[in-house]
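Asks: Fold the following and give me the result.
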Amino acid sequence: MKERIYTIPVNDAFNVPCECPLCELEAKTTKDLLNYFMGPSMMEPDVRIMTNKKGFCKTHFTAMYNRQENRLGLGLMLQTHIAELCEDLNKKLSNAISSQNTGFLSGIKGDYRENLKKLADDVDKIGPSCALCDRLEYTMDRYIDVILWQYFEDKEFREKFEKTKGFCLPHLAVILRGTAKYLSQKEAFTFISNLSVLQNHSMDTMRDELLWFTQKFDYKNENEPWGNSRDAVPRTIRKIKGNADLKQ
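Replies: From the prediction side, this is the model:
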């Protein structure tokens, strides 16, 4: 089947020999989104309104800063974002001690401990919000739709899919949710039946490779070949937890 613009990133990711093609796709998408948010779009009014409100999570703020690119743009974005945070936080904390709300801590309007826990929950909601995470989640959901469509409509892609090592566990959950969202019951049965075989074989192979990695430290096996077990530890971590920046 002829490639379309929305299938190219998916096909590229599934061409990479790895433990999880969705990790490859997510990493590429994240890089593209970092370029987007750190580029000229940073000064566009609609983008600025979104970043002022949501900001970025610790992971993506770290990635932006560590690039050491467009530091002025990052500083300007942070300036307007923290201004909005200050206004929001000031209201929340001021309401807790204002003369009109003395019952908040005195217990008149409910137990003060529960009131403080609710306030803490409100403050917690400020930190995790992330404009990039939201855009990434939306984009990956679109890619899941494309993957499932290609699986049934593109024989070449289906053959490529069935030669992969399955997915990491977080992305396995993502594709299962996508299956429930986008496929009919008949299609879902076919897809999950084949995916189960693929995933179980991959996990069993990983288990055996990791076992051999540990057994290679026995002096009786020191002259035996490593096989595919030399990097079994980092691959197992990625298989269980998803894409991780591990030192090799």
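Asks: Distance from stretch 118-136 to the middle of the chain?
Replies: For stretch 118-136, the gap between its own C-alpha mean and the chain's C-alpha mean amounts to 15 Å (C-alpha atoms, centre = their mean, to the nearest Å).
Asks: which outside residues touch it?
Replies: By C-beta atoms under 8 Å, 6 or more residues apart in numbering, the surrounding residues in contact with stretch 118-136 are 26, 29-30, 33-34, 37, 47, 50-51, 53-58, 60, 85, 88-89, 92-93, 96. Any C-beta I mention is one placed from the backbone N, CA and C, and that applies to glycine too.
Asks: try stretch 154-168
Replies: By C-beta under 8 Å, 6+ apart, the surrounding residues in contact with stretch 154-168 are 1, 7, 10-11, 14-15, 18-23, 147, 150-152, 172, 175, 194-195, 198-199, 201-203, 205, 238-243.
Asks: so which helix or strand takes in Leu116?
Replies: In this structure, Leu116 sits in helix 112-124 according to DSSP states H and E.
Asks: and that helix, what's its mean pLDDT?
Replies: The average pLDDT within helix 112-124 is 81.
Asks: mind exporting the helix or strand just after that helix as PDB, just the C-alpha atoms?
Replies: Using DSSP H and E, the helix or strand that follows helix 112-124 in sequence is helix 131-153. Taking C-alpha atoms only, helix 131-153 is exported to PDB below (Å, rounded to 0.1, in the frame of the first residue of the first chain):
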ATOM      1  CA  ALA A 131       1.100  21.200  27.500                       C
ATOM      2  CA  LEU A 132       3.600  18.800  25.800                       C
ATOM      3  CA  CYS A 133       2.200  15.700  27.600                       C
ATOM      4  CA  ASP A 134      -1.300  16.700  26.500                       C
ATOM      5  CA  ARG A 135      -0.300  17.100  22.900                       C
ATOM      6  CA  LEU A 136       1.800  13.900  23.000                       C
ATOM      7  CA  GLU A 137      -1.100  11.900  24.400                       C
ATOM      8  CA  TYR A 138      -3.400  13.200  21.700                       C
ATOM      9  CA  THR A 139      -0.900  12.500  18.900                       C
ATOM     10  CA  MET A 140      -0.100   9.000  20.100                       C
ATOM     11  CA  ASP A 141      -3.800   8.300  20.200                       C
ATOM     12  CA  ARG A 142      -4.000   9.300  16.600                       C
ATOM     13  CA  TYR A 143      -1.100   7.000  15.800                       C
ATOM     14  CA  ILE A 144      -2.800   4.100  17.600                       C
ATOM     15  CA  ASP A 145      -5.700   4.600  15.300                       C
ATOM     16  CA  VAL A 146      -3.400   4.500  12.300                       C
ATOM     17  CA  ILE A 147      -1.600   1.400  13.500                       C
ATOM     18  CA  LEU A 148      -4.900  -0.500  13.900                       C
ATOM     19  CA  TRP A 149      -6.200   0.700  10.600                       C
ATOM     20  CA  GLN A 150      -3.000  -0.400   8.800                       C
ATOM     21  CA  TYR A 151      -3.000  -3.800  10.500                       C
ATOM     22  CA  PHE A 152      -6.300  -4.700   8.800                       C
ATOM     23  CA  GLU A 153      -5.900  -2.700   5.500                       C
END
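Asks: Which positions within the helix or strand following helix 131-153 qualify as buried?
Replies: Next along the chain after helix 131-153, taking DSSP H and E as the criterion, comes helix 155-161. For helix 155-161, the neighbour count (16 or more other C-beta atoms under 10 Å) marks Phe157, Lys160, Phe161 as buried.
Asks: again, but for stretch 139-146
Replies: For stretch 139-146, using 16+ other C-beta under 10 Å, the buried residues are Thr139, Met140, Tyr143, Ile144, Val146.
Asks: Which strands or helices does the longest helix that the chain contains pack on?
Replies: When the chain is parsed with DSSP state H, its longest helix is helix 185-215. In terms of contacts (3 or more C-beta pairs under 8 Å, 6 or more residues apart in numbering; DSSP states H and E), helix 185-215 is packed against helix 131-153, helix 169-182, helix 232-241.
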